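Asker: I'll drop the sequence and a predicted model, then ask my questions.
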Amino acid sequence: MGKSLEALKHIMKQIYTAQTNEITEYHIYSNIVKLVKDKKNSKVLLDIANEELRHCKFWQTITKKDIKPNRWKIFKFTLIAKFLGFTFAIKLMEKGEKQAQVNYLEIAEYIPEAKQIAEDEEKHENELIDLLDEEKLNYVGSIVLGLNDALVELTGTLAGLTFALQNTRLIAAVGIITGIAASLSMGASEYLSTKAEGGGDIALKSSLYTGAAYIVTVLLLVLPYFILENYLVCLMVTLAVGIFIIFFFNYYVSIAKDFSFRKRFLEMTFLSLGVASLSFGIGMIIRVTLGVDI
């Protein structure tokens, strides 16, 4: 009898958690709708929000309680959606929900309807999420091109300049000039390439995303040389910044586009650090061979 009572308490605890999750996510989706201008995306988000509310009302018939939503979670994911995009916010939230301690099949032993709710969560909502179409995610390829080229070229360039020049302000100036010129070149190349492949209607946006990704990466990589004095410390910080950019971007894409994080992160990291090490060696050779002393 005691065991049955404990089991019932465990099930009720899971039902309370499920109800809290549903009402919280209803408010999150409702808030995200306000940030979205596209009518198609708005409709999909409203459909998901209404489904979350329907599930919440069902659990309420069991608990007989009006449970308050998680305000912190609402604030957090609304903020993420505002600054990092609604697709990333939603998929990050849904990924967290899958890890939540709610076993619908276990609940279904007591409440059969829980099985249908589990199926709705797994199938219907995932189908709706797949219908979302966020513009910037359509240009991930262009962003990767700008980001990857900037990381490889600039880490390599800065590593070579660091030993060859050994002057932080001079390295920063040369790095900025090189980076801006390269970003304009990359943007123009992406425009011509996309247009040649028959994408004339998106060529301009592709080039802007590529150029913007490149120049933002350049500014972040060069920044330590404007702030710090020791050129070797600057290089170490720049490499750390580069790894952080690679980590953040690949984590973002792995969530938003369901890509493999580990493979892409390691590939980009080894490529960037490999080029930086090679360039640093070249800088040493040039300094010694040409007798550069600044």
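Answerer: Perfect, thanks for sending it.
Asker: what helix or strand is the residue nearest to residue 218 when sequence neighbours are not counted on?
Answerer: Distance criterion CB to CB, 6 or more residues apart in numbering; nearest residue to residue 218, sequence neighbours excluded, is residue 179 at 3.2 Å. Yep, even glycine has a C-beta here, placed from its N, CA and C like the rest. Applying DSSP states H and E as the criterion places residue 179 in helix 168-196.
Asker: how about the most centrally placed residue in the chain, what does it touch?
Answerer: In the chain, the residue lying closest to the centroid (CA atoms, centre = their mean) is residue 252, at 1.7 Å. Applying CB atoms under 8 Å, 6 or more residues apart in numbering, we find residue 252 in contact with 84, 88.
Asker: tell me how far the helix or strand where it lies is from the chain's mean position?
Answerer: Element membership of residue 252 [criterion: DSSP H and E] is helix 231-256. On the basis of CA atoms, centre = their mean, to the nearest Å, helix 231-256 sits 13 Å off its chain's mean C-alpha point.
Asker: do the same with stretch 40-54
Answerer: Computed by CA atoms, centre = their mean, the chain-centroid distance of stretch 40-54 equals 23 Å.
Asker: got the angle between the following helix or strand past the helix holding residue 252 and helix 231-256?
Answerer: Sequence-wise, the next helix or strand downstream of helix 231-256 (DSSP H and E) is helix 261-290. Interaxial angle of helix 261-290 relative to helix 231-256 (axes from the mean of the first three to the mean of the last three CA atoms, to 10 degrees): 160 degrees.
Asker: Now do helix 261-290: distance to the chain's middle.
Answerer: Centroid separation between helix 261-290 and its chain, computed with CA atoms, centre = their mean, is 25 Å.
Asker: switch to numbering from 562
Answerer: Happy to do that; since the first residue is 562 now, the last one works out to helix 822-851.
Asker: who does it touch, helix- and strand-wise?
Answerer: Where contact means 3 or more CB pairs under 8 Å, 6 or more residues apart in numbering; DSSP states H and E, helix 822-851 is packed against helix 701-726, helix 792-817.
Asker: Would you check how far apart residue 771 and residue 826 are?
Answerer: From residue 771 across to residue 826, the span is 21 Å (CB to CB, to the nearest Å).
Asker: Which one's more surrounded, the two?
Answerer: Per other CB atoms under 10 Å, whichever of residue 771 and residue 826 has more neighbours is residue 771, with 29 against 19.
Asker: relative orientation of the strand or helix carrying the more buried one and helix 701-726 in degrees?
Answerer: Using DSSP H and E, residue 771 sits within helix 764-788. Computed by the same axes, to 10 degrees, the angle separating helix 764-788 from helix 701-726 equals 30 degrees.
Asker: so helix 764-788 versus helix 729-757, what angle?
Answerer: Interaxial angle, helix 764-788 versus helix 729-757 (the same axes, to 10 degrees): 170 degrees.
Asker: Pull out the buried residues from helix 764-788.
Answerer: By neighbour count on 16 or more other CB atoms under 10 Å, the buried set for helix 764-788 is 764, 766-786.
Asker: Next: stretch 724-731.
Answerer: By neighbour count on 16+ other CB under 10 Å, the buried set for stretch 724-731 is 724, 725, 726, 727, 729.
Asker: for stretch 806-815, same thing?
Answerer: 806, 807, 810, 811, 813, 814, 815.
Asker: longest helix of the protein?
Answerer: Secondary structure assigned by DSSP state H gives helix 563-596 as the longest helix of the chain.
Asker: The residue nearest to the centre of the chain and residue 826: what is the separation?
Answerer: Distance of residue 813 to residue 826, computed by CB to CB: 11 Å.
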